[in-house]
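*Asks:* fold the following, please.
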Amino acid sequence: MARIERALISVSEKKGIVEFSRALTQMGVEIVSTGGTAALLRENKIPVKDVSELTGFPEMMDGRVKTLHPKIHGGILALRENPEHVAKMKEHGIVPIDLVVVNLYPFQATVARGAGFDEVVENIDIGGPSMVRAAAKNHKYVGVVVDPGDYDGILDELKTKDRSLSPATHFRLFCKAFQHTAHYDGTISNYFSSLDQDQKPQRWGQIVNIQVSKIQDMRYGENPHQSAAFYGTTGDSGPSIAQAKQFQGKELSFNNILDADAALSTVLEFSDIATVAIKHNNPCGVALSKTSVADSFRKAKACDPVSIFGGVLAFNRPVDEETAKELKDIFLEIVIAPSFTPEAKAVLSSAKRLLNIRLLEVDMGQSQGGGYDLRRVRGGMLLQDWDTGKVDVRACKVVTKRKPTDAEYQALDFAWRVCRHVKSNTIVFASPDQVLGVGAGQMSRIDSTKIAVLRAATHGLDLKGSAVASDAFYPFRDGLDEAANAGAKSVIQPGGSIKDEEVIAAADEHDMAMIFTGMRHFRH
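*Replies:* The predicted structure is shown next:
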């Protein structure tokens, strides 16, 4: 392992660079730097040599040209064990550069703050990626550092290995360097390919580059014969399972993650105390409470005390001891919450079988937004906005003779929020604070209605006076008749069917109040 004698440092993100550079200097490493980085190091009394001292050329053209020079790239790319390379270095006065510390112009941040086209173009880094790629290509001899998070580890290794880095570290940094430049180039390509001929951004570009980072390998995929891994995306914001903190239970499986995501997405709908139970990606129990988490759980469990077995639960409030005691007698795969009190953790770890429950803490206070929904199909991908569309039920069009009462409006709002998280065709019966019956994933809307009614009856839930939500319009009156016969008195649906008048007439016959949202919530 060769000792590091000289480091070239040129960074846009200055965090930690003074401390890192000072430590290198104290170890005897010569530092070469550029522009603002060199000025910062000098301000902090760190010896530094300008790049121009190596090249014999000043920085020029507003800093556009400073490191693009044979004396820089020759010093990075030369194979130290190649006699011809060594001879050429000596002939042309090129000194080896053993460590390249570079992060790139803030292109993404420049775009994010709404900068104009010319300023965005000016923030395309040229010299930085060139040095990173050169150092990575010659990683056998040159260390390349693109992440300030690596500074401390590198310093520790240099101190313990006589100012050298191991081959394993060189290889790790090599991989990270190309991931960094790939993401940078992908971001540039995504932005410019999204502009129209007038340089105005469009929602969907001609080319979309996607980079994801592996969070974990999985035991298997949706089924045991399928290999799988879990990756995190960049650009998304808000609460996510990818950022969850797990402190109990086995490693999450492929299906666990799908169900946990469904549970989290559903519980984020509500500001009141809420519990969501998910089974096979569909809500089987959802309830609200004005009093306690335990109360919301008891009502959610009552929606379907059978399907909750082996399910996933999500809460939008911390899980306390009272709630944990309610949970401990049920077999659960996952429990998600903003936090768990120490007493709740003690209860949920008080028996060997309970230790298998995966407890996930998710920061639910983050604002949601960014990114997109992506579906893979054979030969391509479908990209769309997330379904975050909301309606104000009291502003929706009342299409029946009777207007909903205040209590019915509350039930309609609740049912509609749940409805969009259920697989289509979807029918949801609800009171103002409890799901009473769910019909999910059926090929006909009438069958979804019948299933929802059957499930409510099976679990002893009375649908008299309930609200019913349909994710898409009623194509015929039969589904509405079925809901009315079961006891529903109010309906929320998108409208838009050629049979709307027939369906409205049926609602009036049953003295139901019905509102049209004008928004559909298919979920396939």
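*Asks:* use CA for all of it now, contacts and neighbours both
*Replies:* Noted.
*Asks:* hey, C-alpha coordinates of the helix or strand bottoming out on mean pLDDT in the chain in PDB?
*Replies:* Ranking every helix and strand in the chain by mean pLDDT, DSSP states H and E puts helix 51-55 at the bottom, with a mean of 80. Output of helix 51-55 as PDB, limited to C-alpha atoms (Å, rounded to 0.1, in the frame of the first residue of the first chain):
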ATOM      1  CA  VAL A  51      -3.300  24.300  -8.600                       C
ATOM      2  CA  SER A  52      -1.600  27.000 -10.700                       C
ATOM      3  CA  GLU A  53       1.700  26.300  -9.000                       C
ATOM      4  CA  LEU A  54       1.500  22.800 -10.300                       C
ATOM      5  CA  THR A  55       0.300  23.600 -13.800                       C
END
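*Asks:* name the residues that touch that helix?
*Replies:* 32-34, 58-59, 66-67, 69-72, 94 (C-alpha atoms under 8 Å, 6 or more residues apart in numbering).
*Asks:* by neighbours, which of those residues wins?
*Replies:* Thr67 (26 neighbours; other C-alpha atoms under 10 Å).
*Asks:* can you tell me the closest non-neighbouring residue to that residue?
*Replies:* Gly127 (6.0 Å; C-alpha to C-alpha, 6 or more residues apart in numbering).
*Asks:* next: Asp433.
*Replies:* Leu288 is the one closest to Asp433 (C-alpha to C-alpha, 6+ apart), at 4.8 Å.
*Asks:* likewise Ala134?
*Replies:* Leu77 (6.0 Å).
*Asks:* wait, that neighbour touches His139, no?
*Replies:* No: using C-alpha atoms under 8 Å, Leu77 is not in contact with His139, being 9.1 Å away.
*Asks:* average pLDDT across the lengthiest helix in the chain?
*Replies:* Counting by DSSP state H, the longest helix found in the chain is helix 167-193. The pLDDT scores in helix 167-193 average 92.
*Asks:* give the other helices and strands that that helix contacts.
*Replies:* helix 107-112, helix 127-137, strand 143-145 (3 or more C-alpha pairs under 8 Å, 6 or more residues apart in numbering; DSSP states H and E).
*Asks:* so Tyr231 sits in a strand?
*Replies:* Yes: under DSSP: H, G, I helix; E, B strand; the rest coil, Tyr231 sits within a strand.
*Asks:* tell me the contacts of it?
*Replies:* Contacts of Tyr231 by C-alpha under 8 Å, 6+ apart are 212-216, 242.
*Asks:* please repeat the previous calculation with a cut-off of 6 Å.
*Replies:* 212-215 (C-alpha atoms under 6 Å, 6 or more residues apart in numbering).
*Asks:* pull the distance from whichever strand or helix holds Tyr409 to the chain's centre.
*Replies:* Assigned by DSSP states H and E, Tyr409 belongs to helix 406-419. How far helix 406-419 lies from its chain's middle: 28 Å, per C-alpha atoms, centre = their mean, to the nearest Å.
*Asks:* residue contacts, the residue most central in space within the chain?
*Replies:* Taking C-alpha atoms, centre = their mean, the centroid of the chain lies closest to Asp236, which sits 4.7 Å from it. Going by C-alpha under 6 Å, 6+ apart, Asp236 touches 370-371.
*Asks:* the domain parsing of this structure - what is it?
*Replies:* Following the assignment in automatic domain parsing, the chain carries domains at 6-193, 239-361, 393-516.
*Asks:* just the helices and strands packed on helix 167-193: most buried one?
*Replies:* strand 143-145 (a mean of 28; mean count of other C-alpha atoms under 10 Å).
*Asks:* what's the offset of stretch 170-181 from the middle of its chain?
*Replies:* 23 Å.
*Asks:* mind listing what's buried in that stretch?
*Replies:* Within stretch 170-181, the residues that qualify as buried are 170-171, 173-174, 176-181, counting by 16 or more other C-alpha atoms under 10 Å.
*Asks:* remind me which residues of this structure are low pLDDT?
*Replies:* Applying pLDDT under 70 to the chain flags residues 1, 60, 62-63, 66.
*Asks:* quick check: Asn425 vs Phe414, distance?
*Replies:* Distance from Asn425 to Phe414, counting by C-alpha to C-alpha, to the nearest Å: 18 Å.
*Asks:* who's more crowded, those two?
*Replies:* Neighbours were counted for Asn425 and for Phe414 using other C-alpha under 10 Å; Phe414 has more, 28 against 24.
*Asks:* nearest spatial neighbour of that one, chain-adjacent residues omitted?
*Replies:* Counting by C-alpha to C-alpha, 6+ apart, the residue nearest Phe414 is Pro432, at 6.2 Å.
*Asks:* with Tyr372 instead?
*Replies:* Asp385 (4.9 Å).
*Asks:* hang on, the earlier thing: helix, strand or coil: sort out the residue nearest to Phe414 for me.
*Replies:* On the basis of three-state DSSP, Pro432 is classed as coil.
*Asks:* who's in contact with Ala486?
*Replies:* No contacts exist for Ala486 under C-alpha under 6 Å, 6+ apart.
*Asks:* use 41 as the first number for this chain going forward.
*Replies:* Yes, from this point I'll number from 41; that puts the last item at Ala526.
*Asks:* picking up where we left off before, same for the helix or strand following the least confident helix or strand of the chain, what does it pack against?
*Replies:* Following helix 91-95 in sequence order, the next helix or strand is helix 110-117 (DSSP H and E). Applying 3 or more C-alpha pairs under 6 Å, 6 or more residues apart in numbering; DSSP states H and E, one finds that helix 110-117 makes contact with no other helix or strand.
*Asks:* what angle do helix 110-117 and helix 167-177 make?
*Replies:* 30 degrees (axes from the mean of the first three to the mean of the last three C-alpha atoms, to 10 degrees).
*Asks:* quick one, whichever helix or strand comes after helix 110-117 and helix 110-117 angle?
*Replies:* As assigned by DSSP H and E, the chain's next helix or strand after helix 110-117 is helix 123-132. Per the same axes, to 10 degrees, the angle that helix 123-132 makes with helix 110-117 is 150 degrees.
*Asks:* ok now helix 123-132, how far from the chain's centre?
*Replies:* Here helix 123-132 is found 50 Å from its chain centre; the criterion is C-alpha atoms, centre = their mean.
*Asks:* repeat that for stretch 392-408.
*Replies:* 16 Å.
*Asks:* which residues are contacting it?
*Replies:* By C-alpha under 6 Å, 6+ apart, stretch 392-408 touches 277-279, 284-286, 288-290, 373-379, 388-389.
*Asks:* re earlier: roughly how far does the residue nearest to Ala174 sit from Val462?
*Replies:* 57 Å.
*Asks:* please apply the same query to Glu262.
*Replies:* Where Val462 is concerned, Glu262 sits at a distance of 19 Å (C-alpha to C-alpha).
*Asks:* neighbour count winner among those two?
*Replies:* Neighbour count, other C-alpha under 10 Å: between Glu262 and Val462, Val462 has more, with 27 against 13.
*Asks:* tell me the SS of the more buried one?
*Replies:* coil.
*Asks:* one more: Ala509?
*Replies:* Going by three-state DSSP: Ala509 is strand.
*Asks:* tell me what it is bridged to.
*Replies:* Val468, Ile532 (DSSP bridges).
*Asks:* report the separation between the residue lying farthest from the centre of the chain and Thr95.
*Replies:* Distance to the chain centre peaks in the chain at Glu131, reaching 52.9 Å (criterion: C-alpha atoms, centre = their mean). Distance of Glu131 to Thr95, computed by C-alpha to C-alpha: 14 Å.
*Asks:* equivalent analysis for Val58, please.
*Replies:* 24 Å.
*Asks:* one more: Gln256?
*Replies:* Distance from Gln256 to Thr95, by C-alpha to C-alpha: 45 Å.
*Asks:* more neighbours: which of the two?
*Replies:* The neighbour comparison of Gln256 against Thr95 (other C-alpha under 10 Å) goes to Thr95, with 18 against 13.
*Asks:* how close does the more buried one sit to Thr107?
*Replies:* From Thr95 to Thr107 the distance is 8 Å (C-alpha to C-alpha).
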